[in-house]
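S.K.: Provided below for reference: sequence and predicted model.
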Amino acid sequence: MRLAGKAAVITGAARGLGRACALRFAQEGADLLLLDVAGDLPGVPYPLGSASQLDHTAELCRDHGVAVLVRQADVRELRQVEAAVGAAVERFGRIDVLVNNAGIAAPSGKAAHEIDESEWQLMIDVDLSGAWRTIRAVGGRMSRQRSGSIVNIASTAGLVGYRHFAGYVAAKHGLVGLTKAAALDYAPLRVRVNALCPGSVRDDSQAEGRMLSEIARSLEVPVDEHEETFLQAQPMNALIEPEDVASAALWLASDESRHVTGSVLTVDGGFTTR
Ligand SMILES: NC(=O)c1ccc[n+]([C@@H]2O[C@H](COP(=O)([O-])OP(=O)(O)OC[C@H]3O[C@@H](n4cnc5c(N)ncnc54)[C@H](O)[C@@H]3O)[C@@H](O)[C@H]2O)c1
């Protein structure tokens, strides 16, 4: 039970990698605040997680005997994030772990000059500023506790470019930068901040993730073809599974990584090593 007695906040927990992390953390004894917008966002051309998916993640976690709070909140809205974190503090008395996972992958599929200003701002607002808002909401408390672990789910797009994904790539590079700067801010206070950079993750029926298929759709290529392109570019010739990311997030969240801060951990089968 590597997270026994700890309370963790996971954003974007309705499905996909957020659900996989929530389940893994619940197995390891963490009480959880599961936060998700749980509804569609204007400008995002695919359905986001739903309230029923968020509730389902919570049920799966409660099966492991941990306490779970669920809050519908948009990481673009500081007040909503603060209210959700406040409820978790009231219930659990502390916040030990934050996983900044909420994110969108589209609108994309355009050259940089073709992106509308509103599309650009939406991507940065969710994928970069959203993570800063949750750090803003938990950073003071973790600093006073003199302990905490923040795991920012970036992407290989935080390390290398991808054609026709300028907004996403810029947001994820920004998130890696935020990770490094915040790691230095909080290091003297024993609060750790690390980034996790998954490669392309297989859409999985248990986690109900759909980012891979949405990226394929943005690029207007069939999902099979998109998967094949990634497999060929991948030294280990396999897509990442949600559990691979959850295991890495667990390690960064737990005290096993107690001297690790400011690091950028890839879970990409060697993709960015080439
Ligand atoms: N799936 C991949 O291949 C992959 C690879 C690298 C990085 N990532 C990153 O991992 C994270 C999770 O991706 P996923 O594949 O599970 O995606 P997903 O679309 O399946 O899940 C994302 C979740 O975030 C929520 N969300 C979106 N915008 C939100 C907002 N404004 N406020 C609160 N919640 C919001 C959605 O409702 C959804 O439940 C993202 O940050 C993504 O960029 C994914």
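M.R.: On my side now, so go ahead.

S.K.: What are the phi and psi values at residue 179?
M.R.: Backbone geometry at residue 179, expressed as degrees, to the nearest 10, gives phi -60, psi -50.

S.K.: For the nearest residue in space to residue 6 that is not next to it in sequence, give me its contacts.
M.R.: Closest residue in space to residue 6, ignoring its immediate chain neighbours: residue 96 at 3.9 Å, by CB to CB, 6 or more residues apart in numbering. C-beta: built from backbone N, CA, C; applies to glycine. Neighbouring residues of residue 96 by CB atoms under 8 Å, 6 or more residues apart in numbering: 3, 6-8, 30, 142, 145, 147-149, 253.

S.K.: Just the buried ones from those?
M.R.: Burial by neighbour count, 16 or more other CB atoms under 10 Å: within those this picks out 3, 6-8, 30, 142, 147-149, 253.

S.K.: could those go into TSV alongside pLDDT?
M.R.: Below are the buried ones among the contacts of residue 96 laid out as TSV (pLDDT from 0 to 100):
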residue	pLDDT
3	98
6	98
7	98
8	99
30	98
142	98
147	98
148	98
149	99
253	99
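
S.K.: could you dump those to CSV with secondary structure and distance to residue 236?
M.R.: Listed next are the buried ones among the contacts of residue 96 as CSV, based on DSSP: H, G, I helix; E, B strand; the rest coil; distance: CB to CB, whole Å:
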residue, secondary structure, distance to residue 236
3, coil, 28
6, coil, 32
7, strand, 35
8, strand, 29
30, coil, 30
142, helix, 35
147, coil, 35
148, strand, 33
149, strand, 27
253, helix, 25
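
S.K.: Distance check, the residue nearest to residue 6 against residue 28.
M.R.: Distance, residue 96 to residue 28, using CB to CB, to the nearest Å: 12 Å.

S.K.: So for the two, which residues contact both of them?
M.R.: Common neighbours of residue 96 and residue 28 (criterion: CB under 8 Å, 6+ apart): residue 3.
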